[in-house]
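Colleague: quick one: sequence and predicted model below, then my questions.
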Amino acid sequence: MAEITSATALRAMMGEPNRLTRMKIRDRLDEQARAFIARSPFLLLATSNEDGSLEVSPKGDEPGFVAIEDDRTLLVPDRAGNNLAFGLMNILRNPNVALIFLSPGTGETLRVSGRASLHDDAEECRRLSARGRTAKLAVRIDIARTYFHCARSVLRANLWNPDQWPEPMKISFGRIIADATEGDSAMADQIDLRVSEGYRTGL
């Protein structure tokens, strides 16, 4: 397999985008983008530190959990989690971020890129409350570019077609931690029980 190492070689293989395709790229949210975010319960947030190492963090809640401050600004709540904070630490080092919003049943996705900053303003965190709990932080996104991505990848994946879904896969965090600490199966079971309880009571 030959490695592609230049933009010229890549464009020779891929071709140039249609002129009309470029016209869908905006520097702010339009009416459709605002409506899509308002009904989206899930997004992926990509961050990078100063040396280019990447993280992608899932964020999800009830539809509309991301607040639209204006056509150039979003507020994404950060809620209780594992406290590793890899993505948040990246934002402190490098504010450039990218997001993909998904909406169940809709093939198109919304891509947003811009610069992020972290805020613990009490009013903003209360505004981003869910299930009686305020957000721990607000991630403010100043939008530089946004556009809708076509549905091809979602259609190929049958992402919203339950007839094509595999059986659910059970992830055992207990096994992972027990393996790392030379623990036994009883330890793994206890950890998995705590994880399940956290899913039930700690969202």
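Modeller: Nice, I can see it. Numbering: from 1, shown residues only.

Colleague: please count neighbours and contacts with C-alpha atoms only from this point.
Modeller: Fine.

Colleague: how is this protein carved up into domains?
Modeller: Here the domain assignment for the chain is 18-157, 166-201, based on automatic domain parsing.

Colleague: dump those domains into JSON lines; add mean neighbour count, distance to residue 1 and mean pLDDT as well.
Modeller: Below are the domains of the chain laid out as JSON lines (neighbours: other CA atoms under 10 Å; distance: least, CA to CA, whole Å; pLDDT from 0 to 100):
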{"stretch": "domain 18-157", "mean neighbour count": "17", "distance to residue 1": "24", "mean pLDDT": "95"}
{"stretch": "domain 166-201", "mean neighbour count": "13", "distance to residue 1": "32", "mean pLDDT": "93"}
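
Colleague: okay, the ones you listed in JSON lines with distance to residue 5 next?
Modeller: Below are these laid out as JSON lines (distance: least, CA to CA, whole Å):
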{"stretch": "domain 18-157", "distance to residue 5": "18"}
{"stretch": "domain 166-201", "distance to residue 5": "37"}
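
Colleague: mind checking the ones you listed for the one nearest to residue 7?
Modeller: Proximity to residue 7 (CA to CA) singles out domain 18-157 among these, at 17.4 Å.

Colleague: gap between that closest one and the chain center?
Modeller: The chain centre lies 6 Å from the centre of domain 18-157; the measure is CA atoms, centre = their mean, to the nearest Å.

Colleague: residue closest to the middle of the chain?
Modeller: Of all residues in the chain, the one closest to the mean position by CA atoms, centre = their mean is residue 44, 1.2 Å from it.

Colleague: where does that one sit: helix, strand or coil?
Modeller: Look at residue 44: counting by DSSP: H, G, I helix; E, B strand; the rest coil, its state is strand.
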